[in-house]
Every structure is written in structure tokens, then in C-alpha cells.
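> the following block contains a protein sequence and its predicted model.
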Amino acid sequence: MWNEIHLTNMDSEISRRSFIGSSAALITSFGFDLRPAAAASRELKISRTTQTQSVCPYCAVGCSVIIHTLGDKAKNVKPAVVYIEGDTASPINRGTLCPKGASLKEFVACDRRLTQPLYRAPGATEWKPMKWEEALTRMARLIKDSRDRGFQAKDEQGRTVNRLTNVGMIGGCTDTNEVNYLLGKFRFGLGIVPYENQARL
Amino acid sequence: MMHVAKLIDTTLCIGCKACEVACQQWNDQEYTLGTFDGSYQTMPDLAPNFWNLIKFNEYERDGKLSWLMAKYQCMHCVAPGCLKACPAPGAIVTLANGTVDFAQENCIGCGYCITGCPFDVPRLSNTTKKVYKCSLCSDRTAVGLEPACIKTCPTNCLTFGERDALLHGAEARAQELRADGHAEAGVYNPAGVGGTHVFYVLANAARPEDYGLPKDPSVPWTVRLWKGPVKWLGTMVLVGGILGTFFHYVRYGPKEAHDVEGD
Amino acid sequence: MASLAATFGRGAMTNGWTDVANADVVLIMGGNPAENHPVGFRFVLEARRKRKAKVVVVDPRFNRTAAVADVYVPIRAGTDIAFLGGLIHYALSTGKYQAEYVRQHTTAPFLVKEGFGFADGHFSGWDEATKKYDKSSWEYELDAQGFAKVDPTLEHPRSVFQWMKRHYARYTAEQVSSICGCSKEDFLKAAELITVAAAKDKSGTVLYALGWTQHSHSVQLIHTAAMVQLLMGNIGMPGGGVNAQRGHANIQGSTDMGAWNMLPGYLKLPRANWSSLDEYLKANTPKPLRPDSLNYWSNTNKFMVSLLKAYYGDKATKENGFGYDWLPKAGETDNYGWGYLFDNMYAGKMEGLISFGMNPVANGPNTSKMLGGLGKLKWMIVAENFETETAAFWKAKELAQQYYANSPDAARIQTEVFLLPAACFAEKDGAFVNSSRWLQWKDAALDPPGDALRDQEIIGRLFAKVRELYAKEGGAAPEPLQSMSWSYATPSAPSLVEVAREVNGREAASGKQLSGFGELKDDGSTACGNWLYSGSFTEAGNMMARRGQEDPTALGLYPNYSWSWPANRRILYNRAAADAGGQPWDATRASLRWTGTRWTGDTPDYKADAAPDANGSFIMLPEGVAKLFTPDFAEGPFPEHYEPAESPVENALHPQVSFNPSAKVFHSDLDKIGSVKDYPYVAITYRLTEHFHYWTKHIASSSQLQTHFFVELPDELARQKDIKSGDRVRVSSARGKVEGQALVTKRMRGMDVNGKRIYHVGLPIHWGFLGKVSGPLINNLTASVFDPNSGTPEYKGFLVNLEKL
């Protein structure tokens, strides 16, 4: 691409690539060698990435985005986010994004993301890491014990109510319909009545 | 080759800063924490890692309150002062499409380009000792893509295209605004730098300083001199640096007070 | 959403983002789309460019939306009903309303029973002893067949139309000015622009968000806007509607899937007094109130039985009421809405809390009470992308001086907490429903980081573990738990495609995907997880993933792009966009047209082949038309201006009933209400463009764009207090205090309210004690005061004091 560039800073127009070659000697004489930096710059970073269609997780405008990940779907590549941009096929955003959407990569690849289950024992002042299996076993135990204590099969008038009100669930507005539906089945399986999402806030 | 350009229609800017972020994302700039200066503005000024700033200006005139927001970045001048001032061969280049691009690998960090710029745009990095500014996403435009800020702008405030067509569109938009009661609406495409590849539609073109833009920008006479009749002096920079004091004067002395602070 | 459902039949944005470009006038009030929905806002600017639309912004604060508006009117927080009531009066007294539409598509002609009335701040039926309304006088007069009587001339003194005229006669421009603190001239300028839409061929849209929902009278407030829009003939119209700009990517979807008192598809959660499926259906299947009412909820039986089949599979039989017994039943008058949930928790009535992607310590009212409540739990499970203030509430102790008035002591907090690393949006597939009701499918781009899991796997594995324990040990009522179907190929991590297919619905025997809710049956032969979404994943495939660019009406409806509930309808109530003969009110914006045999254009919100005069145009309501008179709400069938719980002035209309008599106020030791004597300024909380809720403070880019919490102040007030931008100030309420730097601006002004100078203090919400940037949790200041219908807290318009530090 650099071959097409015209340099008006020089007395005669030369190609940039040849210029870098000849000027390097000059610059090196000042003690800098910038050839590696030059070689690393200015290639289109998304020219061979894998593109995945997604939807921005922030507000409810529902902008479509394209997530560029490392690699061309080759089996031996572990995908990582390279870039996220607006999807021009969406009639809603037509490729545009707000400042939150335009920097979604910073969210996906954020160094503050949680990567392991954390546990805080009663009275503790620190988190401690915990394996999934141990956490799931302990959580299931706590849920069961609370349910066994709190479940009401019948109310005071003897009517079947099959409800649990000492355990509550909140959330869902940041997740998909399908996960919300599963949360509903989880909830109704246990009989949980108190269940709230962000709609009220 | 066709010249490309950016048009900034300030009447459509909502100060969302998507362009600020898109610029940093595409160019892989590091984010830094901002300082609080009593404004919605991200930073008081441009920075080596921040080439695109929305300036927020709040003022009252004739009892009417305005909150103006406008993008501030390299103007990609037709006759760039930075290029005139630059002593390092190949550090500043004009691409065939009109883009004024900095090639950091050739930059010697002298900062003279900052002096040469009537818009006060280039920024010297203390860590790399190189100067940085908007490249018009030359890697994107080279393959036919629009710059990252253009793509993200939600309100159509920023548009990109062939320079003449865009300039024509800008004039048409200004006319539309004048018909809508903005008598002073016009295009900001200053002649002092031979025109630019980034131009603005302003609702009040008589007062570009309301938007944080210099009124009649031109390349400082000292810089014109340096690349004009006294061009031979250039070689002396490379041998001695006797012009250091001269350029210090150039940089901090005669500079016009054109950088209206946003608030 | 409760408001729109009662008024029009469905709780959702009526039109959609792309349709806003069709408007002739845009009223933005109770929302700030340029800042909070910048991409959605582009359609406002498009309307202005394409149609020369006028943009009117009404807000206490000159915000980034106001910066590009044609007209900006500042009003005092919490006085929107007065402003909108003023618009109703203006329209009715000047004749600037669409009379034909009002007669044809609203309850204006309906007669109200004798005995209904309003005096001195109360509607008829108020019982001072119980502080409740007996609503029996808030009903229509019925004929012998049980249908409402109507007067098409609208002249009967007991017609809804005449009642409305009388009720809003008090809302004169002078009164509006004195309550709202805006000038009479500004109000009239706005009124004139907004009522341009009364012309048959003009339409106006209303865009709102949390600036309307976060009041102790929010449902009535939104109803007032709906009334204005009905008078203008704007509902169902392209470029019209009452458009809620929702704040989270899938808040619409998660609401569609049911909150505490709802099953999926807005089917009501069973109550103890509906002890069988038959009783449930009897109580929840409305009877038509007009002979021509389509009354679509008469299909409740099909929706409910199909849901039970989806939930309980083969175990749901006709004999066992399709498993109805297994569903939990709330007490007849129970409420488990947000305020009640945390009040119960703070009172020690709860043992456990499971939170998926929610941060109540940051976003719930009265932070101290949130913290206090969580500290009384035995256990809490939080699945998140980041460590949140909720998961780490027990860390608040060490930060007490900085952030909290009443922080619990970490060592004494016995709550056992699990913080589970969850996948983010990019790592999961599935559908989000945007504000326009578009179900948009997304694909997973990569795996979650480290040991983080996708939410469906967390739920799947936890559910399996609990069921295993019950299978092994027995315990309380295992049957409802074990009967819930979970027949996914990989039960520990259900595929979301599989789930989406279940939600769409299928024939129980053949497994064939249904093409829409019209195919649902009440005999158990169909299973459907949410009737509203039926049609989203058919035999033809995943309709939510469609990318078609066609726009045959040229109105931005894009019928082949994604899929819109219900039945891929893009504009709700679109039948009302046509006149009695089925022809569009505006031929240039023909969303729907009757050809003589069928309707063409958008998917009709009407029977596809029914003549224009066959049915009422609002098919979800028993009335068959949109409701101007709404007995559904707690505080009266017509909206009335009430002051916020904490107000600097008394109600100018009826000082003896200043505050909404039906609003919900809690009374724990942490629920304090302040007075103007100690807290003279009106506070509002809001979002900024640069951040998303309490989420992006973890993210580098947003943390750069707005690093510091600030307190936005009118320069007039700042001068009185000798405060300059950058000075540190303390803002305190009866609940708590926050500190930060002042941002002094001319964009906020003092207002003259009934002869008193009132100042607002602006408080952006986005900070907390965890993140790349930190700052105060703003809900330290807010009160547990709620709307009685929707249960939303009053975050706009509470009292604070301001000190320079």
C-alpha cells in the first residue's frame, strides 16, 4: 500500500518504501533504528479475522455489532477479540455505535473480568477461589436446606400453594430470552415467588 | 487520485464521544483517566494517545443558552504548516488522497510541526519522543474504508467522501440552515491553509471561536520563512542545532492565541 | 409498562426506533435519548431533516438532547402530569384534537357509572381509615347484555370525554406554569407545536424513559402521555406512539418472560384463591365490554395450557390440570415487587438470594437498606462478569466513611456469598429484544475467559445438583421440582437454539414447530414457552436471525429483518392508523390499508381478513378501543398531579392531598423522609452518555470519558453558596450523603414555583466502590418510595441539602 504514497516533503516524489530504506541509514546515524517499528505499522488489522454477528449488551436500542476474533476459524486457533464494530446490515444502527458500543472490545477483554468462582465464608473479609464442583455442591445444599425450611405446600386455609418465599431471584435484563426462560423454569421448579428484574428500577 | 475529506456538521453533534473512542479503538491507543475540569469534555486538550476531542462550549448570547459540541482534530490542510516546519525527511507526508500523515518511524521528536500547525493539533509523547495526530485512519482509507470515527458517528454529524462532493454538500447544508433562520450559517474551510480535508458546517460561521476553532488560521510567518527564502538554514539544524533558540521562540513566542478553551 | 398495557393492551414501546423518523413532531420528556440512546436518537434527527419535524424537549436540565432541540422547556422534577394535563386541557379547550380518531378508537364515548367523581384531591371511593379506594364507582355504565353504554356524540355529561374535559379544566396554562416552574409562554409554545399532530395527516411521537418511570406516580404519568397521544390521533400511526426507550439490552425480553407476578407472555402468576386451572382461567379471561371487541385475551386458555405443556411435558395431562398445581401461588394480596422484596429481606424474612446480572446495592433505592438486607441473608449467589458492589457488599465496611451512613460490620456479616464468573454477551448466543420489540439473534464469538461459564450452564448444573439432592434425600415437595421438564440434549448446558425452539412452541405429538400463536390449543396438543414469541422459530428456521433489507412500505418497518413480537407486527395498534373505511389517515404514511378483502402493509394488529368496522382497533382490551379512563390503577381512573414524597412545595391543586395517596412508602428504621426545612433542593439522578449503568466503571474507555463523579449545579445557586466548578461539595438527604466535585452550569436554572424559587441538584449515577474508577453510590440518597402500580422507586425529585466542603 505504501507504494502509492507521494511524499511532498521531499524535493522529488519517491515511494515511501524506498524512502524508508534510504532514510534509515540517515536516522540510524542519530542513534535510532526504526525499521522494526515501521514494519509493524499500518496493516489493516481486520483483513483476515473471523467475523461473528452479535448485538450490543448495553441499552435497548439493539445495535448490531460484528466481533472480529483472531484467526480464520482454523482449528488450532484460540479466538480472542481483535476489534468490535457496528454492523452496517442493521437498519437500526447501520454500522454506527455510541461510545459504549464503540469500545465493546474493552468490555469483552477487560482485565477485571471474573475468571474463577469466588467464595466468601460467613464473617470472612476476603474472597477465596473455589472450584466449580465444590461451589455447585455447596450452593445446591444451601438452596435445598432453605427450601426444605421455607416451602409451603398449603396455605393457612388449606389451599394448595406450593410456594417458596424465603428465597428470591433477581436479574435477567442483561441476558437473552432463552436464559430468562431457563431462569423461569429453575424458579418455578423450586416454587420461588419473589423474582424481580430491572424493569422496575 | 481522488482526494477524500471529512465533513463535521456541528448542528448534528450530540457530544456522545463515540468518535473519540472509535479513534482510540481502531488505533489501539491506551486509555488514561481524565482530569475533572468542570466540563463534560473528556480532556482539556488533545494528547499523543487522543487525536480526536469533542470540545464542549457553553455560552449565553442574547438571552439564548447554547451548548455547542464540536469535534476537534487534525484538519489535514491542503498546505500543511506542520509539513512546512518539519525538518525530518519523511516524518510528515501528504498521501495521494490528501491525507497528511505522520510516519513516527522518521520523526525525530523536535516538535517543530507543533509550531507550524495553526490549529495546535500535533502532540509530542514524553515516552516515545514522537509526535502523534489523526492519520485519517490511513490504513483504512488505503483499502477503501472510511475512518473509524466516521463509521461510528450515530447522528450523521460526521460524513466522509470525495472532497469536492463533500464540500458541495457542506455548502448546500449551510444554505439550508440559512433558510431555516441561521443567518450566519456557513462552511469552515479556512483559506489561510489552502483549505482543508476536514471541514465544518457551523450554525454561526462568523464565530468559529464559539466552537473552539481559530478564526483565521494561517501558517506562522516564521515557519513560512523557514521553508521559504531561508530554506538553506535547514541543513544547519542537522549539523548544529543553533536554531534551537530560534524555534523555541517560534514555538512559544509569536503563536497566535487561537486555542479557545472549551469549558 | 404497566401503564401502556392497561391503556392500549400491551406493555411495550408502541412503535420502534426506525419509525421515529416518520414523525412530524417529537416530544422528548422524561428521557434524554441523545445521551442515553444516541443511536436511537439518530431517527429524531432524521425526522427533522426529512420531514422538518420539530423537536420539543421538556426536562429539568438542559441536557445534550436539549442542546439540539427546537424548543426546550425546563420544568420541575415530578410535575410532568401537570404539564401533560395542561396539554390535554389546551387540546380540548382549543379544539386541537383529532375528533374522528377519538370517537372511533378510544373510550371517549363510553359512559361512566353514576357516583363517580373527584373532589379535593381524591376520587370517589376513598376510605380515609384504610387509606384505600373502593373502586366500585370507577366503572362504565353497562347495558342488559353487560356491554358498556356509549354516546357517539360525546356530549353525554357522564361520557368519558366530558369527564375528561371537566377533570383537566383546572390545568390551565397559568396553573401549569405555577406548578411546573416554566413560563406560560414556553408552555404554550410547546403546546402549539405538539398539537400540530392533531391534524389527520400529521403524527407526533413521544419518547420517554426512566425520567417518567421513576416517580411515585409514574404509571399515571405515562397514562397522561397516552391520553395526549390518543387525543392527537397518534397511536398506531407511523411516526406516532408512546415510546418507552428501555434502558437494558433485554429488559423487554426479561419482562416478556415474567417478573414476580407474571408467567411468560404476561399471563398472571397464579394466586391462592385460583386453586385450579379452571378457576385461574375463569378469573383471567376477560369478557368483552363492547359487542365488536375482539378481546384477544379470550384465548388465555390456549396460552396457559400450552405454557404448562412446555413446563411439564408429558407429565402435564388434562386430568391433572396440566400440572397447574405445581406452579407456586402467591397470596391473594401479596406483593413481592422490588420494594417489598428488600423490605422483607431487611426484616429478616428471607434466607437466600440468587442474582444473575443485577446489582441492587448500586441500583436499588436507599443503599443502606440494600446493604442491611443482604447482611441478613444466610446465603447469596451472584453470577456476574465483574465483582459488583452487591457481591462484595460485605466489603462496604472498610469504605464506610467514604460511602455509607450505615454500613454493616464485615466480621459480623454471616452471609455466605458465591460470586460466579459468567460469560458476557460476546461469548453466548441467544436473542435480545430491543425497545422496538425486535427479537435479534446473536452468535457466540468466543469462549468465556478462564473458568467462566455460560449462564445456561450455570443454571443447568445448579438445577441438576438440587434435583439430585432431592432424588437422593427426599425433602419438601419434590414433585413440583422433579416435574419441571428439562429434556435438553445436554441438560447441564442446554443449547439456546433448543430453548428458543421450545419457547416458540411445537405440536406436542409430532414435535413440529408452530408457525404462530394462532395455532395454539387448549387441549394439551401444543406446547409453547411464551405465546408472544410464537412464530420466532418456525419450521422455516430461526426468524430472529433474519437479515432481510426489504422495506416495502418505505416506513422503516423492515419486516424481514429479525422478528418482532407479536406476529412480526412492527407498529402496535396499527389498525388505528386507518379511518373507519380502513384507509390510512395519511396516504403518504400508509402502514396499513384495507383492500376490500384484506389488510395490506404491516402485519395488521387486527384480524387479517376482517372488515374495518368488524372489530374495535385495540384487540387486546375488552373495550376494543384505547382507554382514556383507566380504572385499573390504584390512585384513580384519570391521572392527577401529586407532588413527590419529598417536595419543596405543597400541591397547588389540593394542598390537603399533596402526595399520591396510594403510593407505597416503607417504614423501616432506615426509611426516612426529609422535609424542605432541612433539605431545600430538588435532586434528580440520571445517566451520562459515556457510561452504562454501574457496569462501565470497570471498563477502560468509559472510565476515561467520564472519570469523576460530579454534582451538577445551577450557577445561580452556586453563586449563593460561593461554589465554583471543581469545588468539593456534599449532598445529603434524610437517608445518606455523597461527596464530589461541583460542575456549575447555566444549563440548570432556578425556577419560580408558586412564588418560590426552586433549585435542582443533578446527580449522575454511574459510580461505586469497585471499578477502574470509583465514586459514591448515588442511591445512598434515594428513598424507598414506590409507584403503587408498577413498584418503581422515586429517583427523580427528592430533597437534598448542599454544602461546600
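Nice, I can see it. As the structure is a prediction and not an experimental result, all values here were calculated from the model.

> ok, C:Thr94 touching C:Ile194?
No. At 11.9 Å, C:Thr94 does not count as touching C:Ile194 under the criterion of Cβ atoms under 8 Å. Every residue, glycine included, has its C-beta placed from N, CA and C.

> which of those two has more residues huddled nearby?
Higher neighbour count among C:Thr94 and C:Ile194: C:Ile194, with 28 against 12, using other Cβ atoms under 10 Å in any protein chain shown.

> show me the contacts for that one.
C:Val25, C:Leu27, C:Val56, C:Leu87, C:Gly204, C:Val228, C:Met232 (Cβ atoms under 8 Å, 6 or more residues apart in numbering or on different chains).

> quick check: residues of chain B near chain C?
Proximity of chain B to chain C, by Cβ under 8 Å from any Cβ of the partner chain, involves residues B:11-18, B:20-21, B:24-25, B:31-40, B:42, B:58, B:60, B:65-69, B:154-156.

> the residue nearest to C:Lys189 when sequence neighbours are not counted: what's it in contact with?
Distances taken as Cβ to Cβ, 6 or more residues apart in numbering or on different chains put C:Val71 closest to C:Lys189, at 5.8 Å, once the chain neighbours are dropped. Taking Cβ under 8 Å, 6+ apart, we find C:Val71 in contact with C:Lys54, C:Val55, C:Val56, C:Val57, C:Asp186, C:Lys189, C:Ala190, C:Leu193.

> contacts for stretch A:105-112, please.
Under the criterion Cβ under 8 Å, 6+ apart, residues A:57, A:67, A:80-84, B:25, B:31, C:385-387, C:424, C:426-427, C:446, C:696, C:698-701, C:771-772 lie in contact with stretch A:105-112.

> can you name the residue of chain B nearest chain A?
B:Glu105 (3.7 Å; Cβ to the nearest Cβ).

> is B:Ser66 in a helix, a strand, or coil?
Here B:Ser66 is recorded as strand under DSSP: H, G, I helix; E, B strand; the rest coil.

> domain-wise, how is the chain divided?
Went with chain A since none was named. For chain A, the structural domains run A:2-40, A:50-108, A:114-148, A:151-201, going by automatic domain parsing.

> try again with chain C
Segmentation of chain C into domains, based on automatic domain parsing, reads C:2-109+C:171-247, C:660-804.

> please produce JSON lines containing those domains, extended by mean pLDDT.
Formatted as JSON lines, the domains of chain C follow (pLDDT from 0 to 100):
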{"stretch": "domain C:2-109+C:171-247", "mean pLDDT": "97"}
{"stretch": "domain C:660-804", "mean pLDDT": "97"}
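
> looking at those, which is nearest to C:Asp455?
C:Asp455 lies closest to domain C:660-804 among the domains of chain C, at 15.9 Å (Cβ to Cβ).

> give me the spatial nearest neighbour of the residue positioned nearest the centre of chain B, chain neighbours excluded.
Centroid check for chain B by Cα atoms, centre = their mean gives B:Cys74 as the closest residue, at 2.3 Å. In this structure, B:Cys74 finds its nearest non-sequential neighbour in B:Cys134, 4.0 Å apart by Cβ to Cβ, 6+ apart.

> which stretches of chain B have low pLDDT?
Along chain B, the parts satisfying pLDDT under 70 run over B:226-263.

> which parts of it sit against chain A?
B:1, B:16-18, B:20-22, B:24-26, B:31, B:83, B:86, B:89-96, B:101, B:103-106, B:108, B:138-140, B:142-143, B:145, B:148, B:151-154.

> among those, which are in strands?
Judged by DSSP state E, the residues of chain B next to chain A include B:Ile92, B:Val93, B:Thr94, B:Asp101 as members of strands.

> between those, which is closest to A:Asn197?
B:Asp101 (49.7 Å).

> sorry, back to before: show me what contacts the residue nearest to the centre of chain B?
Each residue near B:Cys74 by Cβ under 8 Å, 6+ apart is listed here: B:Trp51, B:Val100, B:Phe119, B:Val121, B:Pro122, B:Lys133, B:Cys134, B:Leu136, B:Val198.

> do that again at 7 Å, thanks
By Cβ atoms under 7 Å, 6 or more residues apart in numbering or on different chains, B:Cys74 lies in contact with B:Trp51, B:Val100, B:Val121, B:Lys133, B:Cys134.

> the last one: what secondary structure?
To tie it back to what came earlier, the one meant is B:Cys134. Classification of B:Cys134 using three-state DSSP returns coil.

> ok, C:Leu307 next?
Per three-state DSSP, C:Leu307 ends up helix.

> from C:Ser435, how far off is C:Thr689?
According to Cβ to Cβ, to the nearest Å, C:Thr689 and C:Ser435 sit 17 Å apart.

> C:Ala5 is in contact with C:Ala226, correct?
No. Counting by Cβ atoms under 7 Å, C:Ala226 stays clear of C:Ala5, with 10.8 Å between them.

> so if I had to pick from the two, which one is more boxed in?
Higher neighbour count among C:Ala226 and C:Ala5: C:Ala226, with 27 against 16, using other Cβ under 10 Å.

> do a quick rundown of the helices in the stretch 51-200 of chain B.
In the stretch 51-200 of chain B, helices defined by DSSP state H, counting those that start in this stretch lie at B:81-85, B:112-116, B:138-141, B:148-152, B:163-179, listed in chain order.

> export those as CSV, with columns for mean neighbour count.
Output for those, formatted as CSV (neighbours: other Cβ atoms under 10 Å in any protein chain shown):
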stretch, mean neighbour count
helix B:81-85, 25
helix B:112-116, 25
helix B:138-141, 20
helix B:148-152, 25
helix B:163-179, 16
